Structures are given as structure tokens and as C-alpha cells.
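Engineer: this one's sequence-less:
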DNA sequence: TAGTCAATTGCGACCTGCTTGCGACAGGGC
DNA sequence: GCCCTGTCGCAAGCAGGTCGCAATTGACTA
């Protein structure tokens, strides 16, 4: 690798920025920081949460800018948002598609591989001609531990 | 009084009111009207929607009273609420348990019998010890017609 | 290296969907 | 008919986002 700049893991960030630029978009600090925040921790983060990370480095980035850029990145297919419950939406990278199981009692969130939904996928298609996308809303229920009690 | 009042189909309404009374609750006009609105049309209705129906007869019933009573009825197990998309929650009678398939393109809502989820139910249990409750959040996707285009 | 201009930003106001605190009102057991 | 307490109407508040606008700033061009 040749002369790495300050941030070490910024390669995928640059890739997305290139994609943005290719579409006539511009590379701004807010965008770069947001992407870095997204790539740094791969879990599910709320807009507010991401804003806090970005603002730790660039205090002037406004929450509305975060929302606008999250929308833009979702349109580009870089991230997706899901609803894990009644609160705010969660954003994560679109690269490993998966659904979610969320415990109604303790809040535990399980990442469920798409394949887990294959039975439902088949029956929804056969019965209603409906093609499901299990990623947008979580499936609620009770986890092993809470169920045991 | 034996002479039947105006509303004809109020039998199940009276049943719920009796349940409420048995628990130390009181029977008020707001509650009766809300229950009538719920039993009159069995589909999925928003709080605002139900409020409009109630207010057509009793204009003073406040939306906050509607919310409080919907909560109460849900605690009693008479109704459930589900989220069919990004908008407001939908309320319906708990009597026929079912999930929902919602088309992301046209908004079509399909009532899915619990049995449709049996495959997912099994795999979630086997793989994660997780017992799903498919009723709370809808499963998004695309309906037959939108998929065809 | 500056000039240009549209994309993007920060900011504040606004919106929807719902919740809460409070004093007034009213079921219903006595 | 009284009294107690559950419920109500109202207004204010809150969370999570969205939007309009003027100011700023990337990045293409000369």
C-alpha cells in the first residue's frame, strides 16, 4: 500500500465518493465524515447517533444535512434503513443484506440472513404472487432467554 | 329497558363494555362510540380515522381520548395495532390474528393468515430459539401487479 | 489562479403522530 | 342524592423528521 493518509480504513469511503462524483454530486466534508462514521462501525445506527459521531469532528454539520445525505446514500444503494421498533430508524451498509428479529421484551436484535425468510418468501409468492423484501421492518417476538422466563 | 336502542349490532360492544366494567373501568360515551366504530368496519383504521367517525356523532371527543382508549383496549386484548408502513399505526380487532403484506409501490395491503409465517416461525425457533409474532410490523415487498410491470 | 455557477449546507420553522399534566366532569356503588 | 375516583377535554410538549431559503463551496473552465 502506498502512503496511507490519516484515516486508515477510508478506501471504501473513497469508492462511494467516486460514485457520488460520477453522478454529478460533490464531495463535501459532511459527506466524507458521514461515510466514515458509517464504515467505522458496521452495526445499526440512528441518524442522531451518526450525527453525534460526525459532529465530534465537524461540530457545524447540521442534523438536517445528515438526514439529507442518508437519503442520498440510500438512493445510491450504499445504505439501507430499517425499523427495529417504535423508535427512530436504523441505518446500515447495504452490503450484507439481512432481516432482523427483535425481542419485544429485552430489545435484543438478531441479524437474520435472508435465507431464514425463504419459507415465507415461497409461501407469499405461491399464495399471493407477492415478493417479500424482509429487510425494511423487523420481525418482532421473544428471544430464547425472555421466552424461558 | 327492553326496547332496543338505535344501534342494532351492539352486542359485541356491550360484551367489551362489560369486561371493562368488570375490571373497575367505567362505561363512557367516548368508549362506546369508539367500540362501535371499531366493530362497524373490520378493516385497519388509524386513530385519526376512528376519531373522525366518533366525532361525527360526539363532536367533543378529543383525539387524546381516542389514543388513551385505544391503549386501554389493547391492554384488554380487544384490539391490536400494527404498522403497515411509515405513516400512522393501524388498529383492528384482535379476534382474527393475522400478519400483513404491504406493497411498497402501490400500498396494497394483504391480510396474511398466521399459517403463512409457519416456515419463518420454524426456522427462527430452530436457529435462534426466537419465537416470532408476525403481527406487529408488516412485511414489505411488491404485489403481483406491481411486480409484473 | 481566478471566475462562475449549480450543488450543498446551516439554520429555523414546520409537520405528523402521539403523549402528558391538569383541573373539571361524571359513572356508579352506596 | 352523595361521594369517590376513573375518565375527559384541553393545551402544551415531545420525538423524529422534513422543507424553504439565503449563504457557502466544490469543481469545471478559462
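Structural biologist: That came through, no problem. Fair warning: this is a prediction, and the values are worked out from it, not measured in the lab. Numbering: from 1, shown residues only, chains lettered A, B, ... in the order given.
Engineer: not counting sequence-adjacent ones, nearest residue to residue A:121?
Structural biologist: Once flanking residues are discounted, residue A:121 sits nearest to residue A:132: 5.4 Å by CB to CB, 6 or more residues apart in numbering or on different chains. In this view, the C-beta of every residue, glycine as well, is placed from N, C-alpha and C.
Engineer: for residue A:69, same thing?
Structural biologist: Leaving aside its sequence neighbours, residue A:69 sits nearest to residue A:34 (CB to CB, 6+ apart; 5.3 Å).
Engineer: where does the one you found land in three-state SS?
Structural biologist: helix (DSSP: H, G, I helix; E, B strand; the rest coil).
Engineer: quick one: the strands in chain A, in order.
Structural biologist: For chain A, strands defined by DSSP state E occupy the ranges A:79-82, A:90-93, A:98-103, A:109-113, A:131-132, A:139-142.
Engineer: tabulate the ones you listed (JSON lines), appending distance to DNA strand D and mean neighbour count.
Structural biologist: Listed next are these as JSON lines, based on distance: least, CB to the nearest atom of the strand, whole Å; neighbours: other CB atoms under 10 Å in any protein chain shown:
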{"stretch": "strand A:79-82", "distance to DNA strand D": "8", "mean neighbour count": "20"}
{"stretch": "strand A:90-93", "distance to DNA strand D": "9", "mean neighbour count": "20"}
{"stretch": "strand A:98-103", "distance to DNA strand D": "15", "mean neighbour count": "22"}
{"stretch": "strand A:109-113", "distance to DNA strand D": "15", "mean neighbour count": "18"}
{"stretch": "strand A:131-132", "distance to DNA strand D": "22", "mean neighbour count": "20"}
{"stretch": "strand A:139-142", "distance to DNA strand D": "17", "mean neighbour count": "23"}
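Engineer: about what we covered before: isn't the residue nearest to residue A:121 right next to residue B:138, touching?
Structural biologist: No - counting by CB atoms under 8 Å, residue A:132 stays clear of residue B:138, with 10.2 Å between them.
Engineer: how about the residue of chain A found nearest chain B, nearest residue that isn't a chain neighbour?
Structural biologist: Closest residue of chain A to chain B, CB to the nearest CB: residue A:119 (1.9 Å). Leaving aside its chain neighbours, residue A:119 sits nearest to residue B:119 (1.9 Å; criterion: CB to CB, 6+ apart).
Engineer: how many other residues sit next to the one you found?
Structural biologist: Number of residues near residue B:119 (other CB atoms under 10 Å in any protein chain shown) recorded here: 18.
Engineer: can you tell me how far the residue nearest to residue A:69 sits from residue B:78?
Structural biologist: Remark: distance between residue A:34 and residue B:78 (CB to CB, to the nearest Å) = 45 Å.
Engineer: cool, residue A:106 as well?
Structural biologist: Going from residue A:106 to residue B:78 by CB to CB gives 27 Å.
Engineer: and the two? Which one has more around it.
Structural biologist: Neighbours per residue, other CB under 10 Å: of residue A:106 and residue B:78, the larger number sits with residue B:78, 20 against 12.
Engineer: mind listing what the closest residue to the more buried one other than its chain neighbours touches?
Structural biologist: Spatial nearest neighbour of residue B:78, chain neighbours left out: residue B:16 (5.4 Å); criterion: CB to CB, 6+ apart. When contacts are counted by CB atoms under 8 Å, 6 or more residues apart in numbering or on different chains, residue B:16 touches B:35, B:73, B:76, B:78.
Engineer: only the buried subset of those, as a ChimeraX command please.
Structural biologist: Those of the contacts of residue B:16 that count as buried under 16 or more other CB atoms under 10 Å in any protein chain shown are selected in ChimeraX with:
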select /B:35,73,78
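Engineer: so who does the residue nearest to residue A:119 touch?
Structural biologist: A:118, A:119, A:120, A:122, A:123.
Engineer: just grab the bridge partners of residue A:83 for me.
Structural biologist: residue A:137 (DSSP bridges).
Engineer: for residue A:135, which non-adjacent residue is closest in space?
Structural biologist: residue A:99 (5.5 Å).
Engineer: pull up the per-residue confidence for the closest residue to residue A:111 other than its chain neighbours.
Structural biologist: Once flanking residues are discounted, residue A:111 sits nearest to residue A:98: 4.8 Å by CB to CB, 6+ apart. pLDDT, residue A:98: 93.
Engineer: what does residue A:4 give?
Structural biologist: For residue A:4, pLDDT reads 38.
Engineer: no more questions from me, cheers.
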